[in-house]
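**Student:** give the three-dimensional model of this entry:
(one chain, ligands or ions: 2)
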Amino acid sequence: MSDWSPNSWTTKPIKQDVVYEDAQGVQDALRKLEKLPPLVTTQEINNLKVSLRNVALGNAFVLQGGDCAELFDYCNQDMIEAKVKLLLQMSLVLIWGANKPVIRIARIAGQFAKPRSSPTELVNGVEMPSFRGDNINGFDADAESRKPDPARLVSAYFHSAATLNYLRASLSSGLADLHSPLDWGLGHVITPSIKEQYSKTVNAVKDALRFMRTVGIDKDRGMETADIFTSHEGLSLEYEQTLTRLLRNPSASAQSTSNFYATSAHFLWIGDRTRQLDGAHVEFFRGIANPIGIKIGPSMAAEDLVRLLDVVNPTKEIGKVTLISRYGASKIATFLPAHIAAVQASGHLPVWQCDPMHGNTQATPSGVKTRHFTDILDELRQALEIHRAAGSFLGGMHLELTGEAVTECVGGAAGLTADGLGERYTTFCDPRLNEKQALELAFLVAGFYREEEDI
Ligand code: PEP
Ligand code: CO
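**Tutor:** Ligands and ions are numbered 1, 2, ... in the order given. A predicted model of the protein is given here:
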C-alpha cells in the first residue's frame, strides 16, 4: 500500500478534530510518544485476529465491555480487578450458554477519547467546551481545564501502560484462576422465579467446573489464566499514529513480511460519528493490520457499508472487521436485515457484534441520561433472532459496564428505578450496567443461546 502511511490521514477531512492552541506542545508530545515502546505485541494482536476469525466462522463468541469513558483515575487496583472479574464471570456464563469459547476484549487501558455530539455543553447552567475525554481535556468545569492539553496524550500512554501492567500481572498471578471460588453474588435478585433460574445456571456452571477439576482437565494452563485483550475507540489519530509501527508479521510464512500495527491496543474501532468513507479515520484504519471494529447505526446506508468494508478490508480477510451494530431496540428490525443481506451478497465475512447500549440512550424527565435494561435485552434478543433468520451468526456483544455498584441504567432484577439513579451515578459519559446488571444480562443471553439449541 504505497499510498498509505501512519499520517496519510492528515490529508483527509476529519470529524471530531481537536484544535490545540499549543502547537509546539503537540509536536513535543508526539515526538515523545514515537520513542516509547509498543503497549501490545504483534503476536498478541495476531492471536486475537485468529480468535476473531473463529468468531466470524461461528465457532466462538466475543464479549467486549468496559467503561464508556475511562478516566486516568480509574487506573487503580480495585477498579481494574473488579472489571476483570466481572468480564471473567460473564464469559463463564456465556461459555456455558453458547457452548463455545468466549474471547474477552475489555474497553480498558486506553478508552480515553470521546466523540461528542456538540462542541459545547451546559454545566450547572454555564456553557463551556465539552469534555472530550481524559487524553484531551479535563472534566472540571472551568475554561482552563476544558482547554485541550497535549501533555494529556503522553499521560494517556502512561496510564494505559500502568493499567495494562497490572492487568497482565494479576492475570498471570491467578486473578482469573478458576480454582479459586467465585462469588456469584445473587443476593440482590428479588424476583423468586428469576432467582431460581439464575441459581440453576450458576449450579450448572459450578458443576462443570467441579467436573473438570475431578477429571483433571483443569490442570491445563488455560484454567489458571485467561486472555483479556484491550481495546478503545481510535479517535485521537495523532496519538494512534505515534504508536503505529512497521513490525514483522508473526503469522507470515515469509520472514520478511512486515505490516503496520497500531500498538496502543489489540483492537481499535471507528465510532459511528467518524466512519465517513473519504474521511481521516477510515484512511488511518485501512492501513493497520490489527483486527478493527466499525460502529454502524441507522444512518448507515447498506451500499456504503459494503464500500466501507471494501476500503478497510480489500482482501476480504475473514473476521478482520467486527461490525458493531447499535440501532436501538425500536429500530434494529428496520435496519439490521438489509445490512446483513448486503454484507452477505458482498462476500465479506465480518464478526457481527451487537452493541445494545448506544441506540437505547434516553433522558429521564429530570434530564438524567439513562438506558433501560429491558431495551438492552430486547435489542440483543432481536439481534440474535434476525441473524438466525438470515443464516448469519451473531458473534458477540459490546457493552458499557463497570465492576462498581453504580446506579446508571434503569431496571434489572434489583429493580433500579429512575428515582434511584441519583444514588451512585458516577459515569463521565454514557450510563453503564453495574456489576449485577451485567452478570444478569450474561445469564439471560446465555439462556437465549440455550433456547436456540433446543429448537
Ligand atoms: C462508544 O462506544 O462509547 C460510542 C461513542 O459509540 P458510538 O460511536 O456507537 O456512538
Ligand atoms: Co458510550
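
**Student:** and the residue of the stretch 1-150 of the chain found nearest ligand 1, how far from ligand 2?
**Tutor:** Of all residues in the stretch 1-150 of the chain, Cys68 sits closest to ligand 1, with a separation of 4.7 Å (CB to the nearest ligand atom). The C-beta positions use only the backbone N, C-alpha and C, and glycine is treated the same way. Applying CB to the ion, to the nearest Å, the value for Cys68 to ligand 2 is 3 Å.

**Student:** which helix or strand contains that residue?
**Tutor:** Of the helices and strands defined by DSSP states H and E, none includes Cys68.

**Student:** neighbours around it, how many?
**Tutor:** 22 (other CB atoms under 10 Å).

**Student:** what sits against it?
**Tutor:** Going by CB atoms under 8 Å, 6 or more residues apart in numbering, Cys68 touches Arg107, Gln111, Lys114, Glu400, Thr427, Phe428, Cys429, Asp430, Pro431, Arg432.

**Student:** tell me the SS of the second one?
**Tutor:** The three-state label for Gln111, taken from DSSP: H, G, I helix; E, B strand; the rest coil, comes out as coil.

**Student:** check what pLDDT it gets.
**Tutor:** The model reports Gln111 with a pLDDT of 98.

**Student:** then the fifth one?
**Tutor:** With respect to pLDDT, Thr427 scores 93.

**Student:** for the stretch 151-300 of the chain, give me the ranges with low pLDDT.
**Tutor:** 176-191, 193-195, 198, 217-225, 253-256 (pLDDT under 70).

**Student:** ok, now which ones touch the closest residue to ligand 1 within it?
**Tutor:** Closest approach between the stretch 151-300 of the chain and ligand 1, counting by CB to the nearest ligand atom: Gly271, at 3.2 Å. Listed by CB under 8 Å, 6+ apart, the contact set of Gly271 reads Gln16, Pro115, Glu233, Leu235, His281, Lys295.

**Student:** got it, and Thr10?
**Tutor:** Each residue near Thr10 by CB under 8 Å, 6+ apart is listed here: Leu237, Ala280.

**Student:** surely it is in a helix?
**Tutor:** Yes. Judged by three-state DSSP, Thr10 forms part of a helix.

**Student:** re earlier: give me the subset of the contacts of Gly271 touching ligand 1.
**Tutor:** Contacts with ligand 1 within the contacts of Gly271, counted by CB under 6 Å from any ligand atom: Pro115, Lys295.

**Student:** in helices, which of the contacts of Gly271 appear?
**Tutor:** His281 (DSSP state H).

**Student:** follow-up on the earlier one: from Arg245, how far off is the residue of the stretch 1-150 of the chain closest to ligand 1?
**Tutor:** Distance of Cys68 to Arg245, given as CB to CB, to the nearest Å: 28 Å.

**Student:** what's the closest of the contacts of Cys68 to Lys320?
**Tutor:** Distance to Lys320 across the contacts of Cys68 (CB to CB) is lowest for Arg107, with 19.9 Å.

**Student:** what does the model give that closest one for pLDDT?
**Tutor:** For Arg107, the predicted pLDDT is 98.

**Student:** can you list the residues of the stretch 1-150 of the chain near ligand 1?
**Tutor:** Cys68, Pro115.

**Student:** which residue ranges form the helices in the stretch 1-150 of the chain?
**Tutor:** Assigned by DSSP state H, counting those that start in this stretch, the stretch 1-150 of the chain shows helices spanning 23-35, 42-56, 77-98.

**Student:** nearest to ligand 2, of these?
**Tutor:** helix 77-98 (15.5 Å; CB to the ion).

**Student:** one step back: possible to save the helices of the stretch 1-150 of the chain as CSV with mean neighbour count and mean pLDDT?
**Tutor:** Below are the helices of the stretch 1-150 of the chain laid out as CSV (neighbours: other CB atoms under 10 Å; pLDDT from 0 to 100):
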stretch, mean neighbour count, mean pLDDT
helix 23-35, 14, 98
helix 42-56, 20, 97
helix 77-98, 21, 90
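
**Student:** to Leu171, which of the ones you listed lies closest?
**Tutor:** Closest among the helices of the stretch 1-150 of the chain, once you apply CB to CB, is helix 77-98, at 7.2 Å.

**Student:** just the element for the closest residue to Leu394 other than its chain neighbours, please.
**Tutor:** Distance criterion CB to CB, 6 or more residues apart in numbering; nearest residue to Leu394, sequence neighbours excluded, is His387 at 4.2 Å. Using DSSP H and E, His387 maps to helix 373-389.

**Student:** list the buried residues for that helix?
**Tutor:** Buried residues in helix 373-389, defined by neighbour count with 16 or more other CB atoms under 10 Å: 373, 375-387.

**Student:** alright, calling it a day.
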